[in-house]
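Chemist: generate coordinates for the sequence data below:
(one chain, ligands or ions: 1)
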Amino acid sequence: MSREPLMRMRIRVEQDVFIVRQLGRAVAREVGFEAQDQTRLATALSEVGRLLVAAGRDADVTFTTTAGGVPTLHVELAHPVPGDSARLRPQLALVSRLVDTMEVGDEETGTVVRMSRRLPPSSPALNPDRMDEIRDRLAEHVPGTPFDELTVQNQQLMAALDEVRAQRDDLARLNVELEETNKGVMALYHQLSDELEETNRGVVALYAELDEKSVQLRTASEAKSRFLANVSHELRAPVTAIMGLGRLLADESSDRLTSEQSRQVELIRGSAKDLLSLVNDLLDLAKAEAGRIEPNWSDVDLKAVFGQLRGTLRPLAVQPDVDFIVEEPAVARLRSDEVLLAQVLRNLLTNAIKFTAAGSVRLGVARVGDNVEFTVADTGVGIAPELQERIFEEFYQVPGSQALNGKGTGLGLPYARRLVGILGGAMRVSSTPGEGSMFTVSLPVSP
Ligand code: ADP
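Modeler: Residues are numbered from 1 along each chain as shown. Prediction:
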């Protein structure tokens, strides 16, 4: 660290304040400060000098530098009246912003103001040779008059104004650029929002079309249900009449028929029976589809339902190699519609019996989470995977699969699935051709 003073001077009268200002600038320039920093330092010096002179005492000014660490210029102004710092400190608050550090202190010898400012990194190194060189040059420095100082200050002011103007021009240019960029961004934004709007319009049109199609579909499906309901209703009366007449013809008490006539009447009665069951199935399905079936909720005793199914369906399970098993229900009660539930299970069991030649047909029930699951499992012909959804379509029957008794209508499963839906549940099937099928009806414990 070099604390060998670079320069000293004494301020006695007001004119010396100008001189110290000039000297300050000269020192700052010599050690390597740029123009603006030179002015800052000079201004700080003259301000402190002015305040010290105002106290009416001589003040000593000392310039030193430290070369170690960050090279720094230090300026100390001291005057021999102690206790002046309280007056100076508030007045120097603003000035302190012109330098890096400023301390005002009372010492035995008087009042001292110390300022420092770090040299810019670009400044040449402060080795002893250079210090001597600076000292020599400063010694040559001839202080000017206050007028000279005013001229210098004016020039600095002009330079500062020029800089402000240049900055203002830069700002204006930047503004123009910004405006242009903004215009570009806005154009892009408009283009994008136009495209978006167009896409939106397309989507809206698509939705409108979809809505229209679904309305058409709904109308068509309602028309179909209405048609089925009406036609089947109209058909029921004549079919019932045909059956009645057939029974009359075949009755023992009626006129005797030839054996050929008897055979034909039996054929008519058989056909009428099939027709009636078709008509009844159609009517049921149409009712379910039209939402005209309202469940009659009650606490269903599953033991009773299973008992009834066991009783009514056992006579149908006529295949000698088939075990017809209705398990003891593992769930005692369920809130549901007894009639609809029994109808669903009866449909599934009838199918299982129809399509099973050997093995077993089994009905069971178990609690699974929040649901009660009924399973109807058989070891019959099974259903190919790709047809396992189609069998729920109206009139669909797996081609080639021969029912063991009765032809069926292809309406049983769609109807059963409808009913399960009405009961708040779902029906699914899993099956392997040649091994058997399992239909599962899952109903919520509390619908
Ligand atoms: P239907 O039994 O009156 O023909 P369904 O709607 O009840 O009508 O059944 C449709 C078709 O699904 C049946 O024709 C049959 O091909 C098939 N199917 C239904 N249940 C079974 C089953 N348990 N095993 C094998 N195929 C079945």
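Chemist: from now on I want contacts and neighbour counts done on CA atoms only, so please keep to that.
Modeler: Noted.
Chemist: what about residue 75, neighbour count?
Modeler: Counted with other C-alpha atoms under 10 Å, residues neighbouring residue 75 total 24.
Chemist: any idea how far the closest residue to it other than its chain neighbours lies from residue 12?
Modeler: In space, and not counting its chain neighbours, residue 75 is closest to residue 63: 4.6 Å by C-alpha to C-alpha, 6 or more residues apart in numbering. According to C-alpha to C-alpha, to the nearest Å, residue 63 and residue 12 sit 17 Å apart.
Chemist: on that earlier part again, per-residue confidence for the residue nearest to residue 75?
Modeler: pLDDT, residue 63: 93.
Chemist: need the residues of this protein near the ligand, please.
Modeler: 351-352, 355, 380-383, 391, 396-398, 401, 408-414, 437 (C-alpha under 6 Å from any ligand atom).
Chemist: thought residue 334 was touching residue 300?
Modeler: Yes - between residue 334 and residue 300 a contact is recorded at 5.1 Å, counting by C-alpha atoms under 8 Å.
Chemist: between the two, who's got more neighbours?
Modeler: Shown here are residue 334 and residue 300; by other C-alpha under 10 Å, residue 334 has more neighbours (20 against 17).
Chemist: of the residues of the chain next to the ligand, select the buried ones using a PyMOL command.
Modeler: Selection of the buried residues among these in PyMOL, burial being defined by 16 or more other C-alpha atoms under 10 Å:
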select buried, resi 351+352+355+380+381+382+383+391+396+397+409+410+411+412+413+414+437
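Chemist: quick one, which of residue 63 and residue 12 is more surrounded?
Modeler: Each of residue 63 and residue 12 has its neighbours counted (other C-alpha under 10 Å); residue 63 has more, 22 against 16.
Chemist: host element of the more buried one?
Modeler: Applying DSSP states H and E as the criterion places residue 63 in strand 59-66.
Chemist: circling back to that earlier point, okay, and the beta partners of the residue nearest to residue 75?
Modeler: Beta-bridge partners recorded for residue 63 (DSSP bridges): residue 7, residue 75.
Chemist: how about it, what does it touch?
Modeler: Going by C-alpha atoms under 8 Å, 6 or more residues apart in numbering, residue 63 touches 5, 6, 7, 8, 27, 73, 74, 75, 76.
Chemist: against which helices or strands is the one helix or strand residue 188 maps to packed?
Modeler: Counting by DSSP H and E, the element that carries residue 188 is helix 146-250. Taking 3 or more C-alpha pairs under 8 Å, 6 or more residues apart in numbering; DSSP states H and E as contact, the helices and strands that helix 146-250 lies on are helix 14-31, helix 259-289.
Chemist: who does the helix or strand following the last one pair up with?
Modeler: Read in the C-terminal direction, the helix or strand following helix 259-289 is strand 298-301, with elements assigned using DSSP H and E. When sheet partners are counted by DSSP bridges, strand 298-301 sits next to strand 333-336 (antiparallel).
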